[in-house]
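Asker: Structure for this input, please:
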Amino acid sequence: MAKKEKKGTEIKKKLLHKYRLVILNESTFEEKISFKLSRLNVFVTGTLLMIVLIGLTTLLIAFTPLREYIPGYSSTQLKRQATELTYKTDSLVNVLNYTNRYLDNVRMVLRGDVANNEINRDSLFEQFKIDPSTVNLTPIKEDSLLRAQVALEDKYNLFERDVNDVHIVLFPPVSGILSQGYDPEKKHYAVDIVTQKDAPVKATASGTVIFAEWTTETGYVIILEHAEGLLSVYKHNGSLNKAQGDLVRAGEVIAVVGNTGELTTGPHLHFELWSRGNPENPTDYIDFK
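Answerer: Numbers count the residues shown, from 1 in each chain. Take a look at the predicted model:
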């Protein structure tokens, strides 16, 4: 015990032993500054300085842009750019999906495939069929008052209330003779119009060119997109006057009649109409006489 106490006393003396730090002029040995220090003071002072330095460094990194240069920290600008890129990616994915569906419809038109939109109407009628005997058809008081009010208004109404559906007016693309008509059973979803070679092919209505290319079977093909989801297709052309993306007006020349492609036997125009993926009989809309 005595040795431990003696050893502790010696350590305490060493820590508290006073030293003088003197700064002298090298030429004259004149004393400029002097400090009285002990090992304990030096240790405590050094520790406090280190703590203050670490704290200032932490604050500097945490609340200034310098933290962006430290691995593991992400800058605000990078986060903003990442968010914007995420939104743009989602938008591009939606646009790509829409474009793919649109191109599938165009490919379907080029191949002459018909969308499978058949619905069993009889099953729908049976499902929603209502027995009239189970329904109370006696008009209520409010209904009778409304009927009387409407009848009074219609009595003095000078204009017709019926509104007819608005349809696009279509014009014949060429003048000629129909050599083959619309025949869904033979998958001939078009009319073939025989006319002179190099005769002008005109747009049946105003629209946008969505396809204008060469195909092996049908030669030069041009497809126009019109309002209300209507597509007009012109095949076996001799040459094309419009390119994809061009806007055309009704009656504007878009091609010339030809005899191109494998599935042709002479100069004629193969003309198709498609509405939302389904073929339409062109003679129901256009008078080719």
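Asker: Only C-alpha atoms from now on, for both contacts and neighbour counts.
Answerer: Will do.
Asker: which residues of the chain fall in helices?
Answerer: 2-16, 39-62, 76-111, 121-127, 141-155 (DSSP state H).
Asker: Could you list the low-confidence segments of this protein?
Answerer: Under the criterion pLDDT under 70, the flagged ranges of the chain are 1-8, 65-77, 112-137, 139, 150-167.
Asker: Domain parsing of it, as residue ranges.
Answerer: 2-62, 177-284 (automatic domain parsing).
Asker: Can you give me the end-to-end span of the longest one?
Answerer: Taking Cα to Cα, to the nearest Å as the measure, domain 177-284 stretches 16 Å from start to finish.
Asker: Please compute how far that domain lies from its chain's middle.
Answerer: 30 Å (Cα atoms, centre = their mean, to the nearest Å).
Asker: same question, the first one
Answerer: Relative to its parent chain, domain 2-62 has a centroid offset of 70 Å by Cα atoms, centre = their mean.
Asker: quick one: residue 239 from residue 19, how far?
Answerer: From residue 239 to residue 19 the distance is 105 Å (Cα to Cα).
Asker: Please say which of the two ends up with more neighbours.
Answerer: Ranked by neighbour count (other Cα atoms under 10 Å), residue 239 and residue 19 place residue 239 first, with 22 against 11.
Asker: Enumerate every residue touching the more buried one.
Answerer: Residues in contact with residue 239 (Cα atoms under 8 Å, 6 or more residues apart in numbering) are 220, 255-258.
Asker: quick one on the thing from earlier: looking at the helices of the chain, which is closest to residue 203?
Answerer: Between residue 203 and these, the tightest spacing by Cα to Cα is seen for helix 76-111, at 17.4 Å.
Asker: got the buried residues for the closest one?
Answerer: Buried residues in helix 76-111, counting neighbours by 16 or more other Cα atoms under 10 Å, are found at 105-106, 109-110.
Asker: In TSV: the residues you listed, plus distance to residue 84.
Answerer: Shown next, in TSV, are those (distance: Cα to Cα, whole Å):
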residue	distance to residue 84
105	32
106	32
109	37
110	38
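Asker: residue ranges of the strands in the stretch 151-289 of the chain, please?
Answerer: Secondary structure of the stretch 151-289 of the chain, counting by DSSP state E, counting those that start in this stretch: strands at 177-180, 191-194, 200-202, 207-215, 219-225, 230-240, 247-248, 253-257, 268-275, 278-280.
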